[in-house]
Structures are given as structure tokens and as C-alpha cells.
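J.: Provided below are the primary sequence and the corresponding predicted coordinates.
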Amino acid sequence: MSVDAAPAAVPSIPCDATGPVFREPWEAQAFAMALALHDRGLFTWPEWAETLSETIRAAQHAGDPDTGETYYAHWLSALERLVIRKGAASAERLHDLRDAWDRAARATPHGEPVLLENDPEASGPGRPDHQ
């Protein structure tokens, strides 16, 4: 599916006249990951829409005010749920990678690109990106 077709498949995507709108680079990356995994056949758009809806409903039930600012946080959470449900990665693996990226971000000087190899705990074959 193309970026242009995504708003029709998932109508709640924040859009303007030119297509999806992202407030932060990570939102665009999460969006792109979902498109790539769909294109690889990991899930169908109906599966995606249902998982995203479930995720948003659960967040609202837990007190999310649903102002639109957390939309891509829910998008990422739904993506993680599908990746785990489909067996593409374990929850533990995703957690380890999230922690590694967080450490790498904190260890990266301001203005420099954040790279996983900047994780101060990464070394050799046991690195999260080598598993």
C-alpha cells in the first residue's frame, strides 16, 4: 500500500490536503514500519484497523483524553501488538530493543544521529541488533 492509499484504509490517520501529517520524525517512522510490514504480508489492513481501534479504546478507557496528540503512540503500540501476535518478534525482544535505543539516545551527543551502536551496553554478538 502506498502512503497515498493509507488514509482510505485507516481513516483516522491525521491528514491534511497532501496526505498524512506527522509532528515528530518517529511518527513518520512508525507509519512507514506499518506500511512495510503490511506490504510484506505480516497483517491485513482490516487486522491493522481492528488492532489500532482496540489499542485506542483501551487507552481511552485508561484515561487518554484523545486529543490527537497520542495517536501515533497508539499506532506504535498497535504495531508492537501485531508484531508479537504474528510471531515476528517477542515482547522481550521489543522491550530489549526499546531499552537499547533509549540508552543509545541518551549516550548520543546533541545534534548527532542516534545509532543503536551508541548504546553503551552494546558489545559484540550479544548486542540487541545482532540477535
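T.: That came through, no problem.
J.: Centre-most residue in the chain?
T.: Leu76 (3.2 Å; C-alpha atoms, centre = their mean).
J.: Could you find the closest non-adjacent residue to that residue?
T.: Excluding the flanking residues, the one nearest Leu76 by C-beta to C-beta, 6 or more residues apart in numbering is Ala30, at 4.6 Å. For every residue, glycine as well, the C-beta is placed using N, CA and C.
J.: Looks like that neighbour contacts His74 (just checking).
T.: No. Judged on C-beta atoms under 8 Å, Ala30 makes no contact with His74 at a distance of 10.0 Å.
J.: so what secondary structure elements neighbour the host helix or strand of the residue nearest to the centre of the chain?
T.: Per DSSP states H and E, Leu76 falls inside helix 71-85. Judged by 3 or more C-beta pairs under 8 Å, 6 or more residues apart in numbering; DSSP states H and E, the packing partners of helix 71-85 are helix 25-39, helix 45-61, helix 91-107.
J.: Tell me how far the second one lies from the chain's centre.
T.: Using C-alpha atoms, centre = their mean, to the nearest Å, the mean C-alpha position of helix 45-61 is found 14 Å from that of the whole chain.
J.: so for it, what's the average pLDDT?
T.: Averaged over helix 45-61, pLDDT sits at 94.
J.: The chain should start at 23 in everything you say after this.
T.: All right, first residue 23 from here; so that's helix 67-83.
J.: What angle do helix 93-107 and it make with each other?
T.: Between helix 67-83 and helix 93-107, the angle comes out at 120 degrees (axes from the mean of the first three to the mean of the last three C-alpha atoms, to 10 degrees).
J.: again, but for the last one
T.: Here helix 113-129 runs at 140 degrees with respect to helix 93-107, directions being taken by the same axes, to 10 degrees.
J.: and if you look at the shortest one?
T.: With the same axes, to 10 degrees defining the directions, helix 47-61 sits at 40 degrees from helix 93-107.
J.: Having no further points to raise, I will conclude here.
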